[in-house]
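A.B. asks: Please work out how this folds:
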Amino acid sequence: MKFSVLALWMIALLTGFASAQHSGDIPPALVWDKLRGNCPASLDWAALRGKIVVISLRNDPVFAEDIVEWNEVAQNFQGEQVLFIQVVAGSEFLLDQALKQTAFQGCILFDSDLANRQSFKLPRFPRTVVVDQLGVIAGYSRGGPDEHDVRSLLNHQRAAGLFEVPPQPRPYDSAAGLDPVPSYEVHISPAPRGELRALDRPGRPDLFIIRNQPLKLIILDLWNTPMARIAFPEKLDEGNYDVTAHIPVADRERLLRLLREAVERRFGLLVEREERTQRIYVLRALGNSSPQLQPAMSSEESMSAAGQMSIIGTAQTMQDIAHAFEGLLNVPVVDETGLKGKYNYSASSKLSEPEAAFDLAHQLGLELTQAERQIEMLAVRKVP
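C.D. replies: Numbers count the residues shown, from 1 in each chain. Got it, this is the predicted structure:
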């Protein structure tokens, strides 16, 4: 009996054969938008046969400290028949900035469309696929590669730590223990010792969950105000609390109003917005362009991060960048650059605070100057 290619494909699809990969399968061809790092002349599986190929896939942006971690693993196999490939998405700008600080010993595939993740049929979480010397999939792991498994394969032994199929995510259920019956009651209680910390993720308009957070962060989250623009009273409660609410209607504004009233009542506070004349910093443009501050492409996702004496971001407005400096200085920063649109930026300084913030601004072609302005503040007062 003869079958057409289409018929064979349909049979495979109906039986589930085409829907998953296992150890022992031939891996799909690698694809990429751009290559970085030290890649071999060919990434065809026939050309890579004889090597162990460790492919780590991630979606989030790459920073210099990530590359340092990658190199620490790769250095343990220097001179051996092992190729480390990092498949990354996120921001190409951030990747290039990271590589300027730290070169990668292995190969980097920039894959903006997540095509490799789809062809390997992996969930949208960091995963590693290991291909053995024969050119077949040896197994999968969560997160990064396990050195012991790679060493076992080099010695032609079974890698006991690898999964035969892609491991699925183990979600953390922050709503565990929450009363499933909706009501207009807000529950506030001291957090159990050692409980996982979690801030609310505004995905559902009827549900709010905070786990093991101090009162200052609870207020910051509920009133959606940066820490530098909140005036707290002395001797504010320093304990950590759980706050949960599950109301019968899908009304986010009503939910937040109930939560705010409950927090004020529980801790004896009055929280209100008011105009105040404050000492601030003004962010202005110096007039000279900087390679560390570049217009963002329309397709880039918005993100930002700050480390020790460093800031980085993609698709950020100048007001967003002002807020980044606000977080470093813990003083309100007002954008008066006059620059429109969205930008990618990256800067790091060897100076100590607060001088580092001014150095970072100059690297971006900006300056911070002290001033006084009337701005809106969130005033938190204790009720007598």
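
A.B. asks: Once you drop chain neighbours, what's closest to residue 146?
C.D. replies: Excluding its sequence neighbours, the residue lying closest to residue 146 (Cβ to Cβ, 6 or more residues apart in numbering) is residue 161, at 5.0 Å. Bear in mind the C-beta positions are built from the backbone N, C-alpha and C, glycine included.

A.B. asks: Does the one you found touch residue 142 like I think?
C.D. replies: No - between residue 161 and residue 142 there is no contact, the gap being 10.3 Å when judged by Cβ atoms under 8 Å.

A.B. asks: before we move on, back to that, contact partners for the residue nearest to residue 146?
C.D. replies: In this structure, residue 161 makes contact with 141, 146, 148-149, judged by Cβ atoms under 8 Å, 6 or more residues apart in numbering.

A.B. asks: ditto for residue 27
C.D. replies: 21, 45, 120, 129, 131, 135-137.

A.B. asks: Using the three-state scheme, assign the residue nearest the centre of the chain.
C.D. replies: When Cα atoms, centre = their mean is applied to the chain, the residue found nearest the centroid is residue 60 (5.5 Å). What DSSP: H, G, I helix; E, B strand; the rest coil gives for residue 60 is coil.

A.B. asks: coming back round to it: buried ones among the contacts of residue 161?
C.D. replies: 141, 146, 149 (16 or more other Cβ atoms under 10 Å).

A.B. asks: Out of the residues you listed, list just those in strands.
C.D. replies: residue 141 (DSSP state E).

A.B. asks: Lowest-confidence one in the buried ones among the contacts of residue 161?
C.D. replies: Within the set of the buried ones among the contacts of residue 161, pLDDT is lowest for residue 146 (85).

A.B. asks: And for the residue lying closest to residue 164 once chain neighbours are set aside, the neighbour number?
C.D. replies: Counting by Cβ to Cβ, 6+ apart, residue 23 is the residue found nearest to residue 164 once chain neighbours are left out, at 4.6 Å. Applying other Cβ atoms under 10 Å, we find 17 residues neighbouring residue 23.

A.B. asks: What distance do you get for residue 23 to residue 53?
C.D. replies: Distance, residue 23 to residue 53, by Cβ to Cβ, to the nearest Å: 14 Å.

A.B. asks: try residue 314
C.D. replies: Going from residue 314 to residue 53 by Cβ to Cβ gives 30 Å.

A.B. asks: Looking at residue 145 now. What's its pLDDT?
C.D. replies: We have a pLDDT of 81 for residue 145.

A.B. asks: meant to ask about residue 168
C.D. replies: The model reports residue 168 with a pLDDT of 69.

A.B. asks: Domain map for this structure?
C.D. replies: 20-154, 186-267, 277-376 (automatic domain parsing).

A.B. asks: Count the residues that sit near the closest residue to residue 132 other than its chain neighbours.
C.D. replies: The shortest distance from residue 132 to any non-neighbouring residue, by Cβ to Cβ, 6+ apart, is to residue 138 (4.2 Å). Look at residue 138: counted by other Cβ under 10 Å, it has 23 neighbours.

A.B. asks: Fine by me, thanks again.
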